[in-house]
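1. 3D, please:
(2 chains)
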Amino acid sequence: QKEVEQNSGPLSVPEGAIASLNCTYSDRGSQSFFWYRQYSGKSPELIMFIYSNGDKEDGRFTAQLNKASQYVSLLIRDSQPSDSATYLCAVSNDYKLSFGAGTTVTVRA
Amino acid sequence: KAGVTQTPRYLIKTRGQQVTLSCSPISGHRSVSWYQQTPGQGLQFLFEYFSETQRNKGNFPGRFSGRQFSNSRSEMNVSTLELGDSALYLCASSLEGPLEQYFGPGTRLTVT
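-> The predicted model follows:
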């Protein structure tokens, strides 16, 4: 079982719609959870982090964490063409980040 | 505040050679982590350093090593390069793990 699993995509959404990304993790002791965005040919960019159960909103992004279900999600509201990228879920344990394989999102104009 | 910097940005080496990559963290950040990114394996953790001490190491052979200096700058070394070592090597820094990590632009290593 992989440490971090994401829905593989690709995910195509129309401009203005909500993009929903999901991530599950295997280590129940994980404490910190992150979403990174990576444009083609660029390095990952941190867009959200969440430590506690519930929702955390930052602009058009909302991260949701459910530790009991070992589940993290990211919602992108009012999707824009500039949101087209690969989104990486990362889970922190023991001074390391474990990454999922990423979900590629394409926003259609 | 300046971001994470990595040098060199691109490198071409021959199988069997060794290579050293450098990373300067964001000012004030004391934790530096290294990752390897390939199309097939994705982003994989190599090691993490804090105050010159390696606190965790990923599942990579001993050919991969690293160190951190007193000014938090870090280097990683790969000896006896193999074709499969061709990858993007990313450095990330944080105030102290496991807080939010910020990535540098990466070093693209090609082994021929």
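
2. Residues contacting the helix or strand where B:Thr110 lies, please?
-> Using DSSP states H and E, the element containing B:Thr110 is strand B:107-111. Applying CB atoms under 8 Å, 6 or more residues apart in numbering or on different chains, the contact partners of strand B:107-111 are B:6-15, B:19, B:21, B:78, B:81-89. The C-beta positions use only the backbone N, C-alpha and C, and glycine is treated the same way.

3. which of those residues are close to chain A?
-> Checking the contacts of strand B:107-111 against chain A by CB under 8 Å from any CB of the partner chain, the ones in range are B:Leu88.

4. A:Val72 is in contact with A:Ser30, isn't it?
-> No: with contact defined as CB atoms under 8 Å, A:Val72 does not count as touching A:Ser30 (9.3 Å).

5. Out of those two, name the residue with the larger neighbour count.
-> More crowded of A:Val72 and A:Ser30, by other CB atoms under 10 Å in any protein chain shown: A:Val72, with 27 against 19.

6. The more buried one: helix or strand, and which one exactly?
-> Residue-wise, A:Val72 maps onto strand A:71-76 under DSSP H and E.

7. Note down every partner strand of that strand and its orientation.
-> The strands that strand A:71-76 pairs with in its sheet are strand A:19-25 (antiparallel), strand A:61-66 (antiparallel) (by DSSP bridges).

8. and B:Phe64, what does it touch?
-> B:46-47, B:76-78.

9. tilt between the next helix-or-strand element following the strand holding A:Val72 and strand A:19-25?
-> The helix or strand immediately downstream of strand A:71-76 is strand A:85-93, counting by DSSP H and E. Following axes from the mean of the first three to the mean of the last three CA atoms, to 10 degrees, one obtains 30 degrees for the angle between strand A:85-93 and strand A:19-25.

10. Which elements pack onto strand A:85-93?
-> The contact analysis (3 or more CB pairs under 8 Å, 6 or more residues apart in numbering or on different chains; DSSP states H and E) places strand A:85-93 against strand A:4-6, strand A:19-25, strand A:32-38, strand A:71-76, strand A:96-99, strand A:103-108.

11. For chain A, which residues are neighbours of chain B?
-> Among all residues of chain A, those adjacent to chain B (criterion: CB under 8 Å from any CB) are A:31-32, A:34, A:36, A:42-46, A:49, A:88, A:92-102.

12. Chain A contacts on chain B?
-> Contacts of chain B with chain A, taken as CB under 8 Å from any CB, map to B:31, B:33, B:35, B:42-45, B:48, B:50, B:55-56, B:58, B:88, B:90, B:92, B:97-106.

13. ok so, going back, spit out the residues that contact A:Val72 and A:Ser30 alike.
-> Residues touching both A:Val72 and A:Ser30 by CB under 8 Å, 6+ apart: A:Val91.

14. wait, B:Glu82 sits on B:Arg15?
-> Yes: if you go by CB under 8 Å, B:Glu82 and B:Arg15 touch, sitting 6.3 Å apart.
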